[in-house]
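Novice: quick one: sequence and predicted model below, then my questions.
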Amino acid sequence: MIVEVGHYALVLALAIALMQTVLPFWGARARDARLMALARPTALTQFAFVALSYAALTYAHVVSDFSLSNVVDNSNSNMPLVYKISGVWGNHEGSMMLWVLILTLSGAAMAVFSRAIPPRLLADALSVQGFLGAAFLLFILLTSNPFARLSPAPIEGADLNPILQDPGLAIHPPLLYLGYVGFSIVFSLAAAALIGGRIDAAFARFIRPWTLAAWCFLTLGIAMGSYWAYYTLGWGGFWFWDPVENASLLPWLAGTALLHSAAVMEKREALKIWTIFLAILTFSLSLLGTFLVRSGVLTSVHAFASDPQRGLFILAILVLFIGGSLFLFMLRAPTLSKGGLFAPVSREGALVLNNLLLTASCAAVFVGTLYPLALEAWNGDKISVGAPFFNLTFGPLFAPLLLIMPIGQMLAWKRANLLGAIQRLFFAAACGFIAMAVFYAVQGAPTLAVIGAGVAVYLIIGSFVEVFGRIFPAGLFKSKNAFARAKGLPLSAWGSAFAHAGLGVTLLGLAATGWGAEKVVAMKAGEVYDVGPYRLEVVGTTSDVGPNYKEAVAHMTIRRGGEVVALLEPSKRFFSTRRMSTSQAGIVTLNFGQIYVSIADQNDNGTIDARLYWKPLVSLIWFGALVMAFGGGLSLSDRRLRVGVARRAAKLPSNAQTAS
Amino acid sequence: MTRKQKRLALIGGALGVLGLAVGMVLFALRDNVVFFYGPTEMAEKQVGAGLRLRIGGLVKAGTLAHLEGKSITFDVTDGHHDVPVAYTGLLPDLFKEGQGVVAEGALDKGGVFRADSILAKHDERYMPREVADALKKQGTWQATTGAPPAGKTASGAPQ
């Protein structure tokens, strides 16, 4: 019964989504305020129905209702509750449900928090959002119904893929989707602005908080996915340039560019057309990612073997929305008024360079991801484009950003003094060079790691130079009221400093991978191995039984200078339902570095093959992402960007907009 | 600078960066792309020694041999042709005789494929797509060895 309610709610949500698409749009054309006002309640109701439907599916998973084929294929009554709940999105149908849930959540959020947005723009934007919802709801109902029944119902389910039975599954997809799909708000607003035909600086104000929020979630989602892959796949890698990973990196790169160009548009009313284009591009790349992952055209850890029907349907959605919005862009862009000009050496100029490099590196990743698919479709040749390609293209395009980032922060709007900015960064640069010397003395080669670490230190310190200069305008000891000045600084200044520094922290972690040590051994109880600066002793092995698996656990102690600093327990799990085994790496974090051990099956002679890694500073890679998202959060909570404030500030321009 | 000059500088800079990007992409695509072949394709194309590529097929039953240390040899087959493979290192969890496998490496002068990595991007019901295609091409595809029933293998991290 509850399952039927869920199914029915999904159909109702589709009907409401269609209403949301047609009525407010019509209202905006006919200038009928009542029809436009329908946008808000329909967006909220659509979200409510999808949420109800999603709750029903979760209920079926929790009570292990094996009359649903979705539950049978992906669940098992012995599974821990947390995996029953997160297992809902651990499969194609449920994952699409989560996608639509967050899409409608975005629409609802826009309806609730965007009272500052002029009514016509909001009506059109929510209409576009409703159209997106309708397309994906139709996709779920026609090709991926999670509520399909199975008769007769089996007694037990096939279990969730063991690789997914991990806390990572509970965290990574929701975060990633909040980022991915959160950009739909920006897309809808951009499409609405193009439909309305008038765009001014206020538009940048409307999209900035949503872009920032989506960007923070996407950053966290990517980092979480990377850490999950790192500890679960057992060979210590954290980024494989897998198409699925690239699919999430593409909107991140475009979204980062959008964040910066929106700042230019808000402050100086320049780059208007470009900002609109980026807003469309970012969500289009999210849609592309959905297509790549959901249609089964890829082979990867995340791959699905699904029927082509789904692929074609998503492809149709992709063509409709990307093609439609670009067509609209083509029609409208020439009619938009040109923005103000600026000197090449200025904050705007630096942000333009930032945008150029970000979009160029985005394009490089795009080519590397799609070229193999295109080539195979063209002549059937199968190729793989791996890390060497991306290191050679993405690396050199992204690296200059790391150097110019602090300089850009120092430049004034309109016209700036490049030499002065560089002089003020002297301290940061000196720290970078000293760090290089120290790292070279302590750790030695490879050169790339030394250079990377030095640049990272320069970037971390350089990110705060601008804030520092504003707190201590007359130098560290001569400035008075430093505390009051620090408090008075807008949070967005702190935000960008932290976000930039976060990238530096991540870079430091990446650079330090060069100093890692790796060993493959056939280990026996009682043996001692050197892992980096630590000694690892194998104590013995035990076997254990979990709720739906058996596991062999190896026990080890980590010593430094004779003292035990940590215990390590890597294990190998065997899941009987799917007859699959997984490796649970043993990881311990010491001084931001990690000792990482993964074990294989026991050999005939009683030894166990194991990989031992020492990864100095590796945890900084993900910690940096946390710092980036923290910076984004600070910026987001800046009073100037809060929606209510934007409303008051936007009064004038909004009148201009409605007059179109 | 006049307005026009500023705009030209901007456009020139943009084209410069894009040109650089295109150049690097083309350069990298020429040398850093790895082709995927099945055993039959390898025989047909007369692949020379030293060319880096990926091969995929089934681990032929009865050919897996463990040597000194962590070295192994086995044959990759698609039912028509076999390619001998040598590999040293740890094996992925799902490496078994009769199962699908993808190996990356290069042929040596003696016609043995020296693999430096064995990929394990599949669970035991799911066959790497390249392997399935290679087997289908040779007509040795059997639904029971690897093809998941449509829509029933949904498993994998959502993205």
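Specialist: In hand now; what should we look at?
Novice: could you measure from the residue nearest to residue A:416 when sequence neighbours are not counted over to residue A:265?
Specialist: Using CB to CB, 6 or more residues apart in numbering or on different chains and skipping the chain neighbours, the partner closest in space to residue A:416 is residue A:346 (4.8 Å). To be clear about C-beta, it is placed using only N, CA and C from the backbone, and glycine gets the same treatment. Applying CB to CB, to the nearest Å, the value for residue A:346 to residue A:265 is 15 Å.
Novice: out of these two, which sits in the busier spot?
Specialist: Using other CB atoms under 10 Å in any protein chain shown as the criterion, residue A:346 and residue A:265 rank with residue A:265 on top: 28 against 21.
Novice: and the next helix or strand past the helix or strand where the more buried one lies?
Specialist: For residue A:265, the enclosing helix or strand under DSSP states H and E is helix A:243-268. Note on helix A:243-268: by DSSP H and E, the next helix or strand toward the C-terminus is helix A:272-294.
Novice: and the angle for that following helix with helix A:243-268?
Specialist: 160 degrees (axes from the mean of the first three to the mean of the last three CA atoms, to 10 degrees).
Novice: residues contacting the residue nearest the centre of chain B?
Specialist: Nearest to the mean C-alpha position of chain B, counting by CA atoms, centre = their mean, stands residue B:54 at 3.7 Å. Applying CB atoms under 8 Å, 6 or more residues apart in numbering or on different chains to residue B:54 gives the contacts A:384, B:34-37, B:102-104, B:119, B:130.
Novice: likewise for residue A:494?
Specialist: Residues in contact with residue A:494 (CB under 8 Å, 6+ apart) are A:467, A:631, A:634.
Novice: can you tell me how far residue A:200 is from chain B?
Specialist: 21 Å (CB to the nearest CB, to the nearest Å).
Novice: that residue contacts residue A:270, doesn't it?
Specialist: No. The pair residue A:200 / residue A:270 is not scored as a contact, 11.8 Å apart, by CB atoms under 8 Å.
Novice: phi first, then psi, for the residue of the stretch 451-600 of chain A found nearest chain B.
Specialist: Residue nearest to chain B within the stretch 451-600 of chain A (CB to the nearest CB): residue A:581, separated by 5.1 Å. When read as degrees, to the nearest 10, the backbone of residue A:581 gives phi -120, psi 150.
Novice: next, count neighbours for it.
Specialist: Quick note: residue A:581 (other CB under 10 Å) scores 19 neighbours.
Novice: same check, this time on the one 5 residues further on
Specialist: Counted with other CB under 10 Å, residues neighbouring residue A:586 total 25.
Novice: before we move on, what about residue A:475?
Specialist: Neighbours of residue A:475 (other CB under 10 Å): 8.
Novice: and if you look at residue B:64?
Specialist: Residue B:64 has 17 nearby residues by other CB under 10 Å.
Novice: quick one: secondary structure of the residue nearest to it when sequence neighbours are not counted?
Specialist: For residue B:64, ignoring the flanking residues on the chain, the nearest one in space by CB to CB, 6+ apart is residue B:74 at 4.4 Å. Three-state call for residue B:74 (DSSP: H, G, I helix; E, B strand; the rest coil): strand.
Novice: which parts of chain B are helices?
Specialist: Remark: helices assigned in chain B by DSSP state H are B:3-31, B:39-45, B:129-137.
Novice: tell me which of those helices sits most buried.
Specialist: helix B:129-137 (a mean of 21; mean count of other CB atoms under 10 Å in any protein chain shown).
Novice: so for it, mean pLDDT?
Specialist: Helix B:129-137 shows a mean pLDDT of 62.
Novice: residue numbers of the stretch 501-650 of chain A in contact with chain B?
Specialist: By CB under 8 Å from any CB of the partner chain, the residues of the stretch 501-650 of chain A that approach chain B are A:520, A:522, A:578-583, A:600, A:609, A:611.
Novice: one step back: in the sheet, who's paired with the residue nearest to the centre of chain B?
Specialist: Assessed by DSSP bridges, residue B:54 has beta-bridge partners residue B:36, residue B:104.
Novice: helix/strand/coil for residue A:543?
Specialist: What three-state DSSP gives for residue A:543 is strand.
Novice: cool, and residue A:522?
Specialist: The three-state assignment at residue A:522 reads strand, by three-state DSSP.
Novice: show me the contacts for the closest residue to it other than its chain neighbours.
Specialist: In space, and not counting its chain neighbours, residue A:522 is closest to residue A:607: 4.1 Å by CB to CB, 6+ apart. Residue A:607 sits next to A:522-524 when contact means CB under 8 Å, 6+ apart.
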